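Colleague: Give me a 3D structure for the following:
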Amino acid sequence: MAGNRRLELENKIAHEVLRAMQALGGKLTRKEIKREIRDHSAIIPEEMVDEVKKSKKTGSLYHPFDYLCNFAIKDLIASEYITTEDNRSLELSEKGRMVDLNTFDLIKTIHSGGDGVQKTASEDKDTEETEEELWRSELLTALSKMPPKKFELFSRGLLTHMGVDLDDSIGVQYIADGGLDGFGYITSDDFRTTRVALQAKRWEGKVSAPEIDKFRGAMDKYNAEYGIFITTSDFTRTAITTAREGTRVITLINGDQICDLVAKYHYYVEPVMTYKLGDFYTEDE
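Modeller: Numbers count the residues shown, from 1 in each chain. Purely as a prediction, here's the structure:
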């Protein structure tokens, strides 16, 4: 019975994997697929994607959804809905592009006869931390331990590297600055200058919609046309929706995107090149 429930859930996830890939152009990484499901799925709640459990064997924390999603992707590859060369960058095949999601059923396609019911997490190694994932985890841990003021300074410095001309008098001290952690100007290639406000939250819990509304209210004091909300954690689906409402869209930057920007601008990090051995070195024969 438990196996059947698991297969039904994997079927739903596989459906959402295909939906996400069809919606976003057909070529995505596993991380991008999971993010799309987390933020926009109508049938997979964000709480399921974000759930964290502790392993009874090792005591380490893990996301059960990651295992289920990787199992679903593995079966979609096996059934030729998805193609991949490196098992990370995934692309819809013609079969995947043309599939009717209203009638799609992974259970009937792959699991007829009960194959796959006994799969366990140990059989799938796609979720093992890579060197890149390790440094990203280390960075977010370091940021989470920063005092609030240091994190605000980090955020201001990162925005400066991104081309924001910050005002030195707003958001640098704990004074009545209207609730902003920074304010500045962005000039585009056509010399159009936009007033931008910054909010930085070193949080563990997800940022909710009321926090977005509060930030938008603080933007009014300085007539900011644009807002950037940075957090070490993440945003709820309602917060994402709220940020996109109205005439002043707020850009949301979560912990994962912070890592992307730190790497892009080499902000207090140094790139390290390494190599991955080919199968020749690990094959038995």
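
Colleague: Tell me which residues are up against stretch 183-196.
Modeller: Residues external to stretch 183-196 that are found in contact with it (C-beta atoms under 8 Å, 6 or more residues apart in numbering): 159, 163-167, 170-171, 197-198, 222-228. Bear in mind the C-beta positions are built from the backbone N, C-alpha and C, glycine included.

Colleague: and with 10 Å instead?
Modeller: In this structure, residues lying in contact with stretch 183-196 by C-beta atoms under 10 Å, 6 or more residues apart in numbering are 156, 159-160, 162-171, 177, 182, 197-198, 218-219, 221-228, 251.

Colleague: how about it: buried residues?
Modeller: Applying a neighbour-count criterion of 16 or more other C-beta atoms under 10 Å, the buried positions in stretch 183-196 are Phe183, Gly184, Ile186, Arg195, Val196.

Colleague: Does the fourth one belong to a helix, a strand or coil?
Modeller: When you say that, I think you mean Arg195. strand (DSSP: H, G, I helix; E, B strand; the rest coil).

Colleague: for the third one, same thing?
Modeller: Ile186 falls in the strand class when you classify it by three-state DSSP.

Colleague: Excluding covalently adjacent residues, which one is nearest to it?
Modeller: Nearest non-adjacent residue to Ile186, counting by C-beta to C-beta, 6 or more residues apart in numbering: Thr194, 5.0 Å away.

Colleague: any idea how far the one you found is from Glu225?
Modeller: Separation of Thr194 from Glu225 (C-beta to C-beta, to the nearest Å) stands at 5 Å.

Colleague: same deal with Ala78?
Modeller: Here Ala78 is placed at a distance of 49 Å from Glu225 (C-beta to C-beta).

Colleague: Equivalent analysis for Ile37, please.
Modeller: Note on Ile37: its distance to Glu225, by C-beta to C-beta, is 32 Å.
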